[in-house]
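S.K.: here is a sequence together with a model predicted from it:
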Amino acid sequence: MNNENSKKKFLALITAVFSILLGLIYLVLIAVLDSRGPMRPPPLEALGEVVVVSTDSFE
């Protein structure tokens, strides 16, 4: 019975350490992505839109 409790405690400890490491990795990733500066919209060419400019001259 004592051996089964120690296995459960070990598994809980491993799960807790994994959870904390995952949280820390997430925080570091967010900090790195946030430090890149403000987000800018993509250029019009990236949206796949075609801009057609036409001039009508009645001369």
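M.R.: Arrived safely, thanks for sending. Everything numeric in this text was worked out from a predicted model, so none of it was measured.
S.K.: and the helices in this structure?
M.R.: Taking DSSP state H, the helices of the chain run over residues 2-34.
S.K.: quick one: low-confidence parts of the chain?
M.R.: For the chain, applying pLDDT under 70 flags the ranges 1, 49-54, 57-59.
S.K.: 80 instead, please
M.R.: Within the chain, the stretches with pLDDT under 80 are 1, 42-59.
S.K.: next one: phi and psi at R40?
M.R.: phi -120, psi 150 (degrees, to the nearest 10).
S.K.: check the gap between it and V28 for me.
M.R.: In this view, R40 and V28 are 24 Å apart by C-beta to C-beta, to the nearest Å. C-betas here are computed from N, CA, C, even on glycine.
S.K.: tell me which of those two has more neighbours.
M.R.: A direct count of neighbours by other C-beta atoms under 10 Å for R40 and V28 places V28 higher, at 10 against 6.
S.K.: tell me the contacts of the more buried one?
M.R.: Shown in contact with V28 (C-beta atoms under 8 Å, 6 or more residues apart in numbering): no residues.
S.K.: that's all I had, so thanks and see you.
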